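Visitor: here is a sequence together with a model predicted from it:
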Amino acid sequence: MSATNGIDKKRMLSIVSVTTVASFITGLNARLAAVGFPVIVHELNCGIDEVIWIIQGFMVGSTIIQLIVGGLADIYGRVRLFNIGLLIFSLSGLGSGLATNAPLLTIFRIIQGIGAAFLMTLSITILTDNIPKNMLGTWLGLNQIAWRVGAIVGLTFSGIIIDYLGWRWIYLINFPIGIASYIWSLKSLKETYRPTSNRCLDRIGFILFTIFVMFLASSLTMMMNVKSWGYVIPIFFLISMISLAFFIIHERKSECRALDLSIFKIRQFSNGITTQFLYAIGFGSFITLLVIFIEVVRSYSASLTGMLLTPFELSFLIFGIVGGRLSDNFGFAPVATTGLLMASASLYMLSRLGMSASLEYLMTYVFLFGIGAGLFIAPNTSAIMTSIPPEKRGVASAIRTFSFNIGFLVSLNIAMLSLVSSTSYEIATKLIISEGHVENLNDVPLEKVYMGISNSFLMMAVIMSVALLLSAYQLKIKLLNRSEN
């Protein structure tokens, strides 16, 4: 028997390569479109509410399917679902690149989010099923780094692709990479898990949660164009809240449930989830706001925008690793609190960006925000996951993902609402469509867009500060407990 506990090394490397590539392409896709939406909006001639759906569609699709990915994989097999996810991801990338209007692009982005959810969740599961325990931590870490490297590559090259090939290629590029990965997966992955039909699937919970997410996202987006939607907005919001209430009731009473919400009784878990949710609201619109500032207010190219955002991903990657090591040595609370302090301070300084601020000023606080975010993520994740018994950590991980995704959606809509309130729906749409060339728009002042961006950064800083206070409270409790012992 080899050092890998009986598993063939060649086969193990094949498994690792497939799952790592899957993680890489999901990270690549997440950032490829980040700097391209002003160009997309310009060419598709759509409104700012449609812009939001193009941006958040991927996250919505990923969020709703997360609830039953594990159950589906247990019933139909991890590898089969993983390969289906690769096909969905690849074909929807092709559809996104060929979309002729904003609604069609949004639909394909939602579908691609569903495919990405299969890849992100099941790559971890497949690694856990196949890699020996004494090597698992290393390869799981590599899998997470691959996502961040994909994000860095996406930001670096997305602008170049847009400037020289056109925005459609930031989606079309997913198709050949995805299909090549699918073929490699068919050759490399073998199902080691025996699916069982005895596992129940929480269909009712899935439907209720999907209604909640879809109607919440829709109502928030509609608020940017109150004149058009009017009374529909409170109706949609009410439907989302009723669906959430029924979802919670169902999950507490049903024998077949996707989430065990009783784990919220564990203080460390509930505090960690709440802190992460607030962090996600502060973090979610960060890149979108920077793109609007750089491309619309400052009229820089998409390629330069991508380059300017790369330091954020690099600092996030490096200090994400550092944060994990520091939390192992000093505990999660002091490291997470330090990260939130740096992140909230950076957001505040970005809220004070002048319209003519130097690129050095901008990049300094973008880099510092990445350090803060990186220092927060690993320690807070550790706090959440270690507070839960092993048999419930799958549920805890799912709730952690949901809380981040919902916070991200809320953040994006708050930021756009701030932009619209500082100008108007019509002006904000025209400015983004024109990519800042206001000489054709009756000299609409860009100062109003800047005000909206500045106010958004300030709101995000305040929300992040609330997360900071909650994390500091956790640190205080840890110190008091230590002094008592």
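Guide: Structure received.

Visitor: okay, helices next: where are they in the stretch 301-450 of the chain?
Guide: Assigned by DSSP state H, counting those that start in this stretch, the stretch 301-450 of the chain shows helices spanning 302-330, 332-351, 359-386, 393-422, 425-433, 447-484.

Visitor: list the buried residues for stretch 202-213?
Guide: 202, 204, 205, 206, 207, 208, 209, 210, 211, 212, 213 (16 or more other CB atoms under 10 Å). For glycine as for every other residue, the C-beta is placed from the backbone atoms N, C-alpha and C.

Visitor: gap between the residue lying closest to the third one once chain neighbours are set aside and residue 132?
Guide: Distance criterion CB to CB, 6 or more residues apart in numbering; nearest residue to residue 205, sequence neighbours excluded, is residue 258 at 4.7 Å. Distance, residue 258 to residue 132, by CB to CB, to the nearest Å: 30 Å.

Visitor: do residue 303 as well
Guide: Plainly put, residue 303 is 44 Å away from residue 132 if you go by CB to CB.

Visitor: pick out whichever of the two has more residues nearby.
Guide: More crowded of residue 303 and residue 132, by other CB atoms under 10 Å: residue 303, with 18 against 14.

Visitor: list the residues that contact residue 64.
Guide: Going by CB atoms under 8 Å, 6 or more residues apart in numbering, residue 64 touches 114, 206, 209, 210, 213, 214.

Visitor: which ones are touching the closest residue to residue 346 other than its chain neighbours?
Guide: Distance criterion CB to CB, 6+ apart; nearest residue to residue 346, sequence neighbours excluded, is residue 369 at 3.9 Å. Contact analysis of residue 369 by CB under 8 Å, 6+ apart lists 286, 312, 315, 342, 343, 346, 347, 350.

Visitor: take those residues and lay them out in JSON lines including pLDDT.
Guide: Below are the contacts of residue 369 laid out as JSON lines (pLDDT from 0 to 100):
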{"residue": "286", "pLDDT": "89"}
{"residue": "312", "pLDDT": "87"}
{"residue": "315", "pLDDT": "89"}
{"residue": "342", "pLDDT": "94"}
{"residue": "343", "pLDDT": "94"}
{"residue": "346", "pLDDT": "94"}
{"residue": "347", "pLDDT": "94"}
{"residue": "350", "pLDDT": "91"}
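
Visitor: most neighbours among the residues you listed, please name it.
Guide: Neighbour max across the contacts of residue 369 (other CB under 10 Å) = residue 343, 29 neighbours.

Visitor: for that one, which non-adjacent residue is spatially closest?
Guide: Spatial nearest neighbour of residue 343, excluding adjacent residues (CB to CB, 6+ apart): residue 372 at 3.2 Å.

Visitor: quick check: that neighbour vs residue 303, distance?
Guide: With CB to CB as the criterion, residue 372 and residue 303 are 27 Å apart.

Visitor: just to revisit the earlier point, weakest of the helices of the stretch 301-450 of the chain by average pLDDT?
Guide: Of all the helices of the stretch 301-450 of the chain, mean pLDDT reaches its minimum on helix 425-433 (a mean of 69).

Visitor: how's the chain carved up into domains?
Guide: Domain assignment of the chain by automatic domain parsing yields the ranges 7-189, 203-257, 262-485.

Visitor: what about the second one, distance to the chain center?
Guide: Just to be clear, that refers to domain 203-257. Its chain's C-alpha centre and that of domain 203-257 lie 20 Å apart, by CA atoms, centre = their mean, to the nearest Å.

Visitor: so what would you say the end-to-end distance of that domain is?
Guide: 9 Å (CA to CA, to the nearest Å).

Visitor: can you check stretch 68-88 too?
Guide: End-to-end for stretch 68-88, by CA to CA: 16 Å.

Visitor: which residues touch stretch 300-319?
Guide: Residues contacting stretch 300-319 (CB under 8 Å, 6+ apart): 31, 34-36, 38-39, 145, 148-149, 151-152, 155-160, 162-163, 286-287, 290-291, 294-295, 339, 359, 362-363, 366-371, 373-375.

Visitor: so how far is that stretch off the chain centroid?
Guide: With CA atoms, centre = their mean as the basis, the mean position of stretch 300-319 lies at 16 Å from the chain mean.

Visitor: then stretch 41-60?
Guide: Distance, centroid of stretch 41-60 to centroid of chain: 16 Å (CA atoms, centre = their mean).

Visitor: what comes up buried for that stretch?
Guide: Under 16+ other CB under 10 Å, the buried positions of stretch 41-60 are 41, 44, 46-60.

Visitor: equivalent analysis for stretch 349-361, please.
Guide: Quick answer for stretch 349-361 (16+ other CB under 10 Å): 349, 350, 351, 353.

Visitor: measure residue 474 to residue 280 for me?
Guide: 17 Å.

Visitor: over to residue 99?
Guide: 28 Å.

Visitor: now swap in residue 173 and tell me
Guide: Counting by CB to CB, the gap from residue 173 to residue 280 is 28 Å.

Visitor: same thing with residue 302?
Guide: 26 Å.

Visitor: residue 347 now?
Guide: 13 Å.

Visitor: going through the contacts of stretch 300-319, which ones are buried?
Guide: 31, 34-36, 38-39, 145, 148-149, 151-152, 155-159, 162-163, 286-287, 290-291, 294-295, 339, 362-363, 366-371, 373-375.

Visitor: for the contacts of residue 369, which one is nearest residue 69?
Guide: Checking those against residue 69 by CB to CB gives residue 286 as the nearest, at 26.8 Å.

Visitor: what angle do the helix or strand encompassing residue 57 and helix 393-422 make?
Guide: Using DSSP states H and E, the element containing residue 57 is helix 48-76. Put simply, helix 48-76 runs at 170 degrees to helix 393-422, going by axes from the mean of the first three to the mean of the last three CA atoms, to 10 degrees.

Visitor: just use 12 as the starting number from now, easier for me
Guide: All right, first residue 12 from here; so that's helix 59-87.

Visitor: starting at the chain centroid, how far to helix 59-87?
Guide: On the basis of CA atoms, centre = their mean, helix 59-87 sits 11 Å off its chain's mean C-alpha point.

Visitor: any idea of the mean pLDDT in it?
Guide: 82.

Visitor: ok, stretch 231-245 next?
Guide: 84.

Visitor: buried residues in that stretch, which are they?
Guide: Buried positions in stretch 231-245, judged by neighbour count with 16+ other CB under 10 Å: 231, 232, 233, 234, 235, 236, 240, 244.

Visitor: need the phi and psi values for the last one.
Guide: Right, the one you point to is residue 244. When read as degrees, to the nearest 10, the backbone of residue 244 gives phi -60, psi -60.

Visitor: hang on, it packs against residue 227?
Guide: No - using CB atoms under 8 Å, residue 244 is not in contact with residue 227; the gap is 11.4 Å.

Visitor: where does the stretch 112-261 of the chain have low pLDDT?
Guide: Within the stretch 112-261 of the chain, the stretches with pLDDT under 70 are 144-152, 206-210.

Visitor: just the helices in it please.
Guide: 113-141, 144-176, 180-183, 185-199, 214-233, 237-240, 243-264.

Visitor: and those helices: which comes nearest residue 457?
Guide: Judging the helices of the stretch 112-261 of the chain by CB to CB, what sits closest to residue 457 is helix 144-176, at 20.8 Å.
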